[in-house]
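Engineer: Can you look at this prediction? I've put the sequence above it.
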Amino acid sequence: MLRVEARSKLTGREVFIDDLPAEDIWWAGTVRSSLPRGRIRDIHFGSGIDWSSLIVVDHRDIPGPNEVQMIERDMPVLAADVVRHVHEPIVLLAHPSRRIVRQAVQAISVTIDPDEPMLDFRHPPTPQQIQYGSDNVFKKLKIEKGTVDEALAAAPIVVEGEYETGAQEHVYIEPQGMQAQVENDVLVVKGSMQCPYYIQHALMHALNRNEKQVRVIQTATGGGFGGKEDYPSIIALHAALLAIKGNRPVRLIYDRQEDMAATTKRHPALIRHRTGVDHHGRLLVQDIDVLLDGGAYVTLSPVVLSRSIIHAAGPYHCENVRIQGRVVLTNSVPFGAFRGFGAPQSQFANERQIDRIAHELNIDPVQIRKINLIKDGQTTATNQVINDGADRIQVLDRAIDLAEYHDRKKAHEVFNVQHPTLRRGIGVASFFHGAGFTGSGEVQLASQIHIHGRPDGILEVRSSNVEMGQGALTVFTQIVAERMAYDQDYIVIVAADTSVVPNSGPTVASRTSMIVGKLLEQACDDLSRQLNGESNTDGTALKDAIIRWHHIRPDQELIGKAQYNMPPDIHWNDLTYEGDAYSAFAWSTHIAEVEIDLRTFVIRVINFTAVQEIGKVLNETLARGQIQGGITQAIGWALLEQCHWNNGSMQNNNLSDYVIPTCPDVPPIAVEFLESPTPHGAQGAKGIGELPMNGPAPAILNAIAQATGADPRSIPLTPEQLMETLLT
């Protein structure tokens, strides 16, 4: 089917937050810290500004606790006495003129007495740098299976490796933006977001309001990738405080530089492996240590760490596994949600480690994966038994055939001998990704979804899951049309508005099509049951039945409902981190071909193949776009996107100096799907959005290693870093 919102976006009629009417709007700005850590001594309002004409807000104007409600409540809405990172917000301003607001922000100077910052997560803090607990550790987690120390001592071959991944900026096409105003004592906040109910709960907590006094409405959202999961709660609070104090509608829109400087990024990681194998390459033991940089506040770091360690051992069977994880404080901008949520970092390390083991044993990288990939009946690192009917070796074999891997590898070897300055290589990565919240997370969410049969026969889907470019509106329409045998023209998805839609959970974690889509099917069935079991195989008859129902009950609503319940075959222990981490995994193999110019050390990805088993393909065009888009984003993370830090501040916070992939950087990407439907997803679908982020970086670096004989272990691998690797 055609994409639901395609025409409005193509014609420019889609209304984003900065497209809303601006009459009577006051524009907001933020005064921020210039130091990574210190104590606020003085705030000076400079001359040349009529301060009486502005709304001015600081921490004293917060009616409730000065806390942003997330996993923990350690982050202040506005800094009161101390600052823990550069760009931490301190004072908010609003004025009818954007120009005057910008001038006023510049006219305020904040004097901060500096304290010793913690800037390098790879080293333990000094006593003076400790700011959280006794050791700056936000969260520790551990997975243990078998007898690791004994297995390491007995292993005939042990390969060790250390791997590092850098931060990554989201670069969503639309910067962060929110608008707030009070309407009949109801605070109404509109903006660009992934999680309306996260924002509502944050507003209720800090502003001392109940759910009837806070209404959150998603406007059209120009991309998120996780960057609009946690941070919009902060900017919504800032707009709301100004609107409440000034009794005016206030709009707070970041420009690109402020957005890149102040908002969350992907967590940097340092990951160490010790792997015991036999002489055939079979995994005997994996001992893995994962260290993540959390930045200045907890944000979502504990659950990022959780997903990172669960995926750290890869899609392989091994009887003895120990994975220890920590996420620690630094005085950098807080790191938060980003597509993949910790799994790309840990699987990059694992797939480079697998290739290095193959090289050590002189085994083909494809063969070592075939030996170790999980088969039905075997277990993951958390002792989850895999019995999903998917064939992971088939996924690998199909990728090898589609990429003509063996022929291309031989051709590159000949090319490399003959060409004086260019080198070509081909690399492989096998990986997986669990869909939905980890373990009992979906139970705690208790997501709900409603489908309303309107008096005119239209089916109206009510969900708090949002469209942010991934195609959710289209997939939801397809699911209902299929389940109810309904004409798609008689199905509408209402706007994500907390006064209208139930809390169906956040639009994150590859859960929308699979988890929420399954609930939508159940809500359709509930609606059908209320119509006395009217057949849902004839959409016309069903539509007539809905209209008749309303003629008999004109004052009632006909709503089919569903709420998430843990499937009976899923078991998870939150304390021991054992059991079924996810109700379904998607599986994939990526193959990358690269060309390196030894004169400039520029790396080009010249061809890419992606084969993935995702349960059931609901919309092939959208699914293909998710894979190709994720691969492109991961190419940037692997080779181009380097955050340059100075004293905890991102220095290249603009799109001239922060390099993202453009058309010349994107190779032909062959995409193929295999299907093994899961009973836990809509029509058998598994999650897909995050999966393609996990494979490209290791596949590309494995190809570079093959082409050059180098042993790169950190990303982004820029030309400068490759030159250093090859020449040292």
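Structural biologist: Sure thing, it's come through. Residues are numbered from 1 along each chain as shown.

Engineer: C-alpha only now, for contacts and for neighbours.
Structural biologist: OK.

Engineer: how much space is there between residue 589 and residue 614?
Structural biologist: To residue 614, residue 589 is 12 Å away according to Cα to Cα, to the nearest Å.

Engineer: My error: substitute residue 587 in the last question.
Structural biologist: Counting by Cα to Cα, the gap from residue 587 to residue 614 is 7 Å.

Engineer: which sections of the stretch 601-728 of the chain are below the confidence cut-off?
Structural biologist: Residue ranges of the stretch 601-728 of the chain with pLDDT under 70: none are present.

Engineer: mind listing the helices for it?
Structural biologist: 620-635, 696-708, 719-727 (DSSP state H, counting those that start in this stretch).

Engineer: I'd like to know which of these lies nearest to residue 486.
Structural biologist: Nearest to residue 486, of all the helices of the stretch 601-728 of the chain, is helix 620-635, at 20.3 Å by Cα to Cα.

Engineer: Next, the angle helix 696-708 makes with that closest one.
Structural biologist: For helix 620-635 against helix 696-708, the angle by axes from the mean of the first three to the mean of the last three Cα atoms, to 10 degrees is 60 degrees.

Engineer: Does residue 578 touch residue 383 like I think?
Structural biologist: Yes. If you go by Cα atoms under 8 Å, residue 578 and residue 383 touch, sitting 6.1 Å apart.

Engineer: Run through the residues that contact residue 445.
Structural biologist: Shown in contact with residue 445 (Cα atoms under 8 Å, 6 or more residues apart in numbering): 504, 505.

Engineer: ok, now how distant is it from residue 721?
Structural biologist: 43 Å.

Engineer: max-length helix in this structure?
Structural biologist: Longest helix in the chain, counting residues (DSSP state H): helix 343-361.

Engineer: which secondary structure elements does that one contact?
Structural biologist: Packing partners of helix 343-361 (3 or more Cα pairs under 8 Å, 6 or more residues apart in numbering; DSSP states H and E): strand 157-165, strand 269-277, helix 301-310, helix 365-372, strand 422-434, helix 696-708.

Engineer: quick one: which of those is nearest residue 145?
Structural biologist: Nearest to residue 145, of those and by Cα to Cα, is helix 301-310 at 12.1 Å.

Engineer: For the closest one, name the packing helices and strands.
Structural biologist: Contacting helix 301-310 under the criterion 3+ Cα pairs under 8 Å, 6+ apart are the following elements: strand 137-145, strand 283-295, strand 321-329, helix 343-361.

Engineer: which one of these lies closest to residue 263?
Structural biologist: So among those, strand 283-295 is nearest, using Cα to Cα, at 11.2 Å.

Engineer: and the closest one, what other elements does it pack with?
Structural biologist: helix 148-154, strand 269-277, helix 301-310, strand 321-329.

Engineer: Residue 487 is nearest to which of those?
Structural biologist: Residue 487 sits nearest to helix 301-310 of all the helices and strands packed on strand 283-295, at 39.3 Å, using Cα to Cα.

Engineer: Compute the inter-axis angle for the closest one and strand 269-277.
Structural biologist: 20 degrees.

Engineer: Report the angle between helix 301-310 and strand 283-295.
Structural biologist: Relative orientation of helix 301-310 and strand 283-295, computed by the same axes, to 10 degrees: 160 degrees.

Engineer: any idea of the mean pLDDT in helix 301-310?
Structural biologist: Regarding helix 301-310, the rounded mean pLDDT is 98.

Engineer: With stretch 216-233 instead?
Structural biologist: Averaging pLDDT along stretch 216-233 gives 98.

Engineer: can you tell me the distance between the two ends of it?
Structural biologist: Taking Cα to Cα as the measure, stretch 216-233 stretches 11 Å from start to finish.

Engineer: so how far is that stretch off the chain centroid?
Structural biologist: Centre-to-centre, stretch 216-233 and its host chain are 12 Å apart (Cα atoms, centre = their mean, to the nearest Å).

Engineer: and what of stretch 399-410?
Structural biologist: Relative to the chain's own centre, stretch 399-410 is displaced by 31 Å; criterion: Cα atoms, centre = their mean.

Engineer: Please apply the same query to stretch 101-114.
Structural biologist: Here stretch 101-114 is found 33 Å from its chain centre; the criterion is Cα atoms, centre = their mean.

Engineer: For residue 191, which residues count as its bridge partners?
Structural biologist: residue 178, residue 218 (DSSP bridges).

Engineer: Using PDB, write out the CA atom coordinates for whichever strand or helix holds residue 43.
Structural biologist: Residue 43 belongs to strand 38-45 when assigned by DSSP states H and E. What follows is strand 38-45, C-alpha atoms only, in PDB (Å, rounded to 0.1, in the frame of the first residue of the first chain):
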ATOM      1  CA  GLY A  38      31.700  23.400  39.100                       C
ATOM      2  CA  ARG A  39      29.600  25.400  41.500                       C
ATOM      3  CA  ILE A  40      27.500  28.300  40.400                       C
ATOM      4  CA  ARG A  41      28.600  31.400  42.200                       C
ATOM      5  CA  ASP A  42      26.800  34.200  40.400                       C
ATOM      6  CA  ILE A  43      24.400  34.900  37.500                       C
ATOM      7  CA  HIS A  44      24.900  38.400  36.000                       C
ATOM      8  CA  PHE A  45      22.200  40.000  33.800                       C
END
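
Engineer: Buried residues of that strand, list them for me.
Structural biologist: Across strand 38-45, burial judged by 16 or more other Cα atoms under 10 Å covers 38, 39, 40.

Engineer: Each with direction, which strands does the next helix or strand after that strand pair with?
Structural biologist: Using DSSP H and E, the helix or strand that follows strand 38-45 in sequence is strand 55-57. Here strand 55-57 is paired, per DSSP bridges, with strand 89-95 (antiparallel).
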